[in-house]
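Enquirer: no sequence on hand, only this structure:
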Ligand SMILES: [Zn+2]
């Protein structure tokens, strides 16, 4: 009897062990099933998620801005972006117009309105989330070719792409291509201003300038290999709140050639936003960071948010936000 009872309890023990193990396994199973289902759901969400691109206007960190950074921020340029950094970093792509060289090389060729930003200011732009800048503008050659090419090299070294300039013409006119969550985006840059022979040639470093031929060729070429083509234009008249006929003509020519979005800057104030065909044109985004303290319109600027559907790979909509600077030329806020 005692033997039987021992055998019985042994069987019981084995049975309960099997039961325990099986419940453990099933609980492990149910644990793993739950997150797996969640991952599947998340994957679906990710696929259909919009990405948001952001575009700002003129960035100039020399002169009064530099003075303020030395006086108020212990030579830490990243403090200029500190109040809005989190918002900027949340964008999937951030673009701005770099209104001057970032270099310690070259010779001042621009006189009183000549800008050259300190090399250390570039890491602040990187930290603030900038992915791509346009160098096609009227200040990028202020310190000559040495500072210009040094700027391109420094941008590349810091992981910021550039459009509207290059070591030769093909480079300057092919723009920057960025893949954002599977959406191929090409940013082209053009400048209205060509004084001093700053246009790139087949072998000469320089910028991309506005002309019918340059716009049509570049946009059509970019179109072949991109989901979204963006053309950035440095054009227009300073402090005018409406675009002139020149701006309208070239912005619309770029759209007619296949561009999805036109980003304008140079007037230092915000101009109109327009939907033309299926594309969007912002004629000027005004200033992002500049030392033009003399009016509220130059101490604020536009930030264009552009929603892109990653499934259709098309722009869904755009929203123009307002950015403003405080008296230290520090970005204060991004407002609806
Ligand atoms: Zn300008």
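Expert: Yep, it's here. These figures come from a predicted structure and were not determined experimentally.
Enquirer: how does this protein divide into domains?
Expert: According to automatic domain parsing, the chain comprises the domains 1-48, 51-335.
Enquirer: can you list the low-confidence ranges for this protein?
Expert: Within the chain, the ranges that satisfy pLDDT under 70 run 1-48.
Enquirer: so what's the residue of the stretch 201-336 of the chain found nearest the ion closest to, chain neighbours aside?
Expert: Of all residues in the stretch 201-336 of the chain, residue 266 sits closest to the ion, at 4.0 Å by CB to the ion. For every residue, glycine as well, the C-beta is placed using N, CA and C. Leaving aside its chain neighbours, residue 266 sits nearest to residue 234 (4.7 Å; criterion: CB to CB, 6 or more residues apart in numbering).
Enquirer: for the nearest residue to residue 300 once chain neighbours are set aside, list each beta-bridge partner.
Expert: Nearest residue to residue 300, sequence neighbours excluded (CB to CB, 6+ apart): residue 324, at 4.2 Å. In this structure, residue 324 bridges to residue 300, residue 333 when assessed by DSSP bridges.
Enquirer: quick check: the residue of the stretch 201-336 of the chain closest to the ion touching residue 243?
Expert: No: look at residue 266 against residue 243 with CB atoms under 8 Å: they stay out of range, at 11.0 Å.
Enquirer: looking at these two, which one has more neighbours?
Expert: Taking neighbours as other CB atoms under 10 Å, residue 266 and residue 243 compare with residue 266 leading, 26 against 23.
Enquirer: tally of neighbours for residue 153?
Expert: Neighbour count of residue 153, defined by other CB under 10 Å: 13.
Enquirer: skip ahead from the helix or strand that contains it and say which helix or strand is next.
Expert: Here residue 153 is covered by helix 144-157, with elements defined by DSSP states H and E. Using DSSP H and E, the helix or strand that directly follows helix 144-157 along the chain is strand 161-163.
Enquirer: can you pull out the strands in the stretch 151-300 of the chain?
Expert: Counting by DSSP state E, counting those that start in this stretch, the stretch 151-300 of the chain has strands at residues 161-163, 165-166, 176-180, 183-191, 206-207, 228-234, 261-265, 273-276, 279-282, 287-289, 300-309.
Enquirer: most packed of the ones you listed?
Expert: Between the strands of the stretch 151-300 of the chain, strand 228-234 has the highest mean count of neighbours, a mean of 30, where neighbours are mean count of other CB atoms under 10 Å.
Enquirer: write out the residues of the chain neighbouring the ion.
Expert: 137-138, 266 (CB under 5 Å from the ion).
Enquirer: so what's residue 270 bridging to?
Expert: Under the criterion used (DSSP bridges), residue 270 bridges to residue 285.
Enquirer: so it touches residue 302, yeah?
Expert: Yes: Residue 270 lies in contact with residue 302 (CB under 8 Å); the separation is 4.3 Å.
Enquirer: can you list residues touching both of those two?
Expert: Here residue 270 and residue 302 have 57, 284-286, 320 as joint contacts, going by CB atoms under 8 Å, 6 or more residues apart in numbering.
Enquirer: enumerate every residue touching residue 242.
Expert: For residue 242, the contacting residues are 271-272, 283, by CB under 8 Å, 6+ apart.
Enquirer: and these, which of them are buried?
Expert: 271, 283 (16 or more other CB atoms under 10 Å).
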